[in-house]
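> Any chance you could fold what I've pasted below:
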Amino acid sequence: MTLREYVAVARDRWRFVLAGLLLGLLAAGAVTYLTPREYASEITMMVSATTVSDDPSVLADGDTLSAGRVRTYVELMRSERLAADVVASLGLNTTAEELAERITVTSAPETVLLTAGVTADSPHGAIAIANAIGTAFVQNVAELEQPADRTRAPAVEAKVFEAPSAEAVMTAPRPVLYFALGVVLGVLAGFGGALFRNAFDTRIKTRGQLEDILGAPVIGVIGRDPKIVNSPLVIYGAPNTPPAEAFRQLRTNVSFIDVDREHKVILVTSATSGEGRSTTVSNLGLALAEAGHRVLILDADLRDPAIARYLRVDDTLGLTDVLVNRATVEQALQPSGPMLDVLPSGLLPPNPSELLGSNRMVNLLKYLRGRYDIILIDTAPLLPVTDAAVLAPHADGVLVLVRHGRTVVQEVQAAKDALDAVSARVVGAVLTMVPHTGSRAHARLKPRKRKRRSQGQPPVRRAPQSAAGPDERKPGPQGASSEQAPAQPAAQESAQASQDTVRRPATQGVPQPRPRSQSAPSEANGQVLERGGTPTP
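Okay, the predicted model is just below:
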């Protein structure tokens, strides 16, 4: 992993690092609180020769002792014998062996100075023991160096060179050291936990992950916005917010797919449910229409349709009614704006995959392709059912939606395999519900330098004239020819509906469905579809 990847892991899983830091601080506090208080004091002794001696351990100059002699005094100072004298003199509640373990002795090189350090549970106790060690050491040296002839003075004598300081030093606990170690070790432990969790986390969280799996670019990143749940049409309801700008950016990228193709059919799907397909399709359709494209949103999700509910159009008749010849295309189409039409799902059939894979569906797409610049098809998820897979080969491209932090690598790979199996063309991916993207992007956005239209609605454009008859071919909205000739709504009626849409107060936010003609649908093959039911003869 590179340094940038490590930083990304720490940023994405900062909770692990924070938890490790807090645990380290808590452990440092616990150690500080539970560690017994200890205080240290030191006394420095000097051992020197008093007279010139024949003893080989005393040098001729009378001032310096041999190194072997000094080592002897070091061992004497930390011996249990001297410790026993200190315990007896102070009446300590401890044993000579325990006290000897708390005494440390050092000697400065090339000198006769010996420093004894001792620890105790109180500052006064440490100072008293250090003084007692000095007194006992002087007595022990005098006894050991006393000649056989007691009339002669000892050849070596010990005396205090530096007495203990007035204040003992607390050696334990050491809060600064403990908390510094707690911070370092806690952060390292938290970061290690983040790396461990990241190694076993297969959820999609980065553009690079998604692009590597699908082999297609990520052409859109939609931030998480809690308000979308209650108001999914951000292009209408909140046209200048970061989510709306994200959909406009997606619109721009979609416009550059197959720039040589004038009419495009784009199928939008995902691996599993709950990844924002209908919301993305609705807002992308509105954004494309706002830019002047003639757009059709076709709701081919015959399991759980939502387009009609989001765009507030009538779904009495829809795609299924057209496919079973219960209604004409013109009867099923619903205008949702000057440049946007909607073909709802209609009644839910018992055989969605068979209907979507039928020749009538293929012919319907060919007919609609000539009437619109862009057709957006909302479908069911790929993994639970095969609806999207049977329809994908007839689209110019497939957009795969992936929910940030929820969809796993295995699901995306399975979705790609399902599309590859039918030779569908994946033209891009959209990463949805990315956390914090909206708030961060909001600070970076500059005010839109354009004249704001009423309620953020697309400009009112003149509705296209009605298509030609069945045997005639006239130019469509963008110069394309129509293959069939269903009757179009009157221009005045469409323009009036568009003006009504633009004048709508902001509290409604989306256009209302226009009343349709009450022509009776026809039956096909003796079957009638019922919502959520089965065909009846």
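
> quick one, strands of the stretch 51-200 of the chain?
For the stretch 51-200 of the chain, the strands defined by DSSP state E, counting those that start in this stretch cover 103-107, 113-120, 156-162, 169-172.

> Dump those strands into CSV; add distance to Ala199 as well.
C-beta here means a position set from N, CA and C on the backbone, and glycine is covered the same way. Output for these, formatted as CSV (distance: least, C-beta to C-beta, whole Å):
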stretch, distance to Ala199
strand 103-107, 47
strand 113-120, 46
strand 156-162, 59
strand 169-172, 39
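
> Can you say which of the ones you listed is packed in most?
Neighbour counts (mean count of other C-beta atoms under 10 Å) averaged over each of those peak at strand 113-120, with a mean of 21.

> by contact count, what packs against that one?
Strand 113-120 sits against strand 38-49, helix 67-77, strand 103-107, helix 123-145, with contacts defined as 3 or more C-beta pairs under 8 Å, 6 or more residues apart in numbering; DSSP states H and E.

> Pipe these into CSV and attach mean pLDDT and distance to Ala84 per row.
CSV is the format used below for the helices and strands packed on strand 113-120 (pLDDT from 0 to 100; distance: least, C-beta to C-beta, whole Å):
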stretch, mean pLDDT, distance to Ala84
strand 38-49, 92, 18
helix 67-77, 86, 13
strand 103-107, 93, 12
helix 123-145, 93, 9
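
> Including distance to Ile235, could these go into CSV?
What follows is the helices and strands packed on strand 113-120, written out as CSV (distance: least, C-beta to C-beta, whole Å):
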stretch, distance to Ile235
strand 38-49, 70
helix 67-77, 87
strand 103-107, 78
helix 123-145, 75
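
> For Leu317, find the nearest of those.
Comparing the helices and strands packed on strand 113-120 against Leu317 with C-beta to C-beta, the closest turns out to be strand 38-49 (87.9 Å).

> if we can go back for a sec, of all the helices and strands packed on strand 113-120, which one is nearest Val281?
Among those, strand 38-49 comes nearest to Val281, with 71.6 Å by C-beta to C-beta.

> Show me what the closest one is packed up against.
Counting contacts by 3+ C-beta pairs under 8 Å, 6+ apart, the secondary-structure elements packed against strand 38-49 are helix 67-77, strand 113-120, helix 123-145, strand 156-162, strand 169-172.

> hmm, who's touching the third one?
By C-beta atoms under 8 Å, 6 or more residues apart in numbering, the residues outside helix 123-145 that reach it are 39-43, 45, 47, 73, 76-77, 81-82, 85-86, 89-90, 92, 99, 103, 116-120, 154-160, 163-168, 170.

> From Val138, how far out is the residue of the chain most remote from its centre?
Here the centre of the chain is the reference, and by C-alpha atoms, centre = their mean the most remote residue is Thr151, at 88.9 Å. Spatial separation of Thr151 from Val138 under the definition C-beta to C-beta, to the nearest Å is 21 Å.

> Could you chop the chain up by domain?
Following automatic domain parsing, one gets these domains for the chain: 3-34+174-199, 38-172, 215-224+241-403+410-432.

> Which of these has the lowest mean pLDDT?
Across the domains of the chain, the stretch with the lowest average pLDDT is domain 38-172; it has a mean of 86.

> Packing partners of the longest helix along the chain?
Scanning the chain for the helix with the most residues, using DSSP state H, yields helix 175-199. Under the contact criterion of 3+ C-beta pairs under 8 Å, 6+ apart, the helices and strands touching helix 175-199 comprise helix 3-12, helix 14-34.

> among those, which is nearest Asp341?
helix 3-12 (41.6 Å).

> What residues sit buried inside the helix or strand where Gly208 lies?
Using DSSP states H and E, Gly208 sits within helix 207-214. By neighbour count with 16 or more other C-beta atoms under 10 Å, helix 207-214 contains the buried residues Gln209, Leu210, Ile213, Leu214.

> Kindly report the same for stretch 14-25.
Neighbour count says stretch 14-25 has Phe16, Val17, Ala19, Gly20, Leu21, Gly24 buried, by 16+ other C-beta under 10 Å.

> Give me the contacts around that stretch.
Residues lying outside stretch 14-25 but in contact with it, judged by C-beta under 8 Å, 6+ apart, are 10, 179, 181-194, 197.

> chain center to it: distance?
Mean-position distance between stretch 14-25 and its chain equals 16 Å (C-alpha atoms, centre = their mean, to the nearest Å).

> One more: stretch 158-176?
The offset between the C-alpha centroid of stretch 158-176 and the centroid of the whole chain comes to 52 Å, using C-alpha atoms, centre = their mean.

> which residues make contact with that stretch from outside it?
28, 31-32, 35-48, 73, 113, 119-120, 123-124, 126-127, 130-131, 134, 137-138, 141-142.

> and the gap between the residue lying closest to Glu97 once chain neighbours are set aside and Thr95?
Ranked by C-beta to C-beta, 6 or more residues apart in numbering and with sequence neighbours excluded, the top spatial neighbour of Glu97 is Glu80, at 5.8 Å. Computed with C-beta to C-beta, the distance linking Glu80 and Thr95 is 9 Å.

> Neighbour count: these two, which is higher?
Using other C-beta atoms under 10 Å, the more surrounded residue of Glu80 and Thr95 is Glu80, with 16 against 13.

> what's the distance between that one and Leu348?
The spacing between Glu80 and Leu348, counted by C-beta to C-beta, is 94 Å.

> okay, now Pro349: neighbour count?
Each residue near Pro349 was counted by other C-beta under 10 Å, and the total is 25.

> quick one: it and Leu302 touch, right?
Yes. Using C-beta atoms under 8 Å, Pro349 and Leu302 qualify as a contacting pair, with a distance of 6.0 Å.

> Common neighbours of those two, please.
Looking at what touches both Pro349 and Leu302 (by C-beta under 8 Å, 6+ apart), the common residues are Thr320, Leu355.

> Which one of the strands of the stretch 51-200 of the chain lies nearest to Asp314?
Closest to Asp314 of the strands of the stretch 51-200 of the chain, according to C-beta to C-beta: strand 169-172, at 80.6 Å.

> The closest one pairs with which strands?
Strand 169-172 has these partner strands in its sheet, going by DSSP bridges: strand 38-49 (antiparallel).

> Now the partner strand: buried residues?
In strand 38-49, counting by 16+ other C-beta under 10 Å, buried: Glu38, Tyr39, Ala40, Ser41, Glu42, Ile43, Thr44, Met45, Val47, Ala49.

> In JSON lines: those residues, plus distance to Val324.
Below are the buried residues of strand 38-49 laid out as JSON lines (distance: C-beta to C-beta, whole Å):
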{"residue": "Glu38", "distance to Val324": "90"}
{"residue": "Tyr39", "distance to Val324": "94"}
{"residue": "Ala40", "distance to Val324": "95"}
{"residue": "Ser41", "distance to Val324": "100"}
{"residue": "Glu42", "distance to Val324": "101"}
{"residue": "Ile43", "distance to Val324": "106"}
{"residue": "Thr44", "distance to Val324": "106"}
{"residue": "Met45", "distance to Val324": "110"}
{"residue": "Val47", "distance to Val324": "114"}
{"residue": "Ala49", "distance to Val324": "122"}
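
> Closest to Val408 out of those?
Using C-beta to C-beta as the measure, the one of these that approaches Val408 most closely is Glu38, at 54.4 Å.

> Cool, thanks, talk later.
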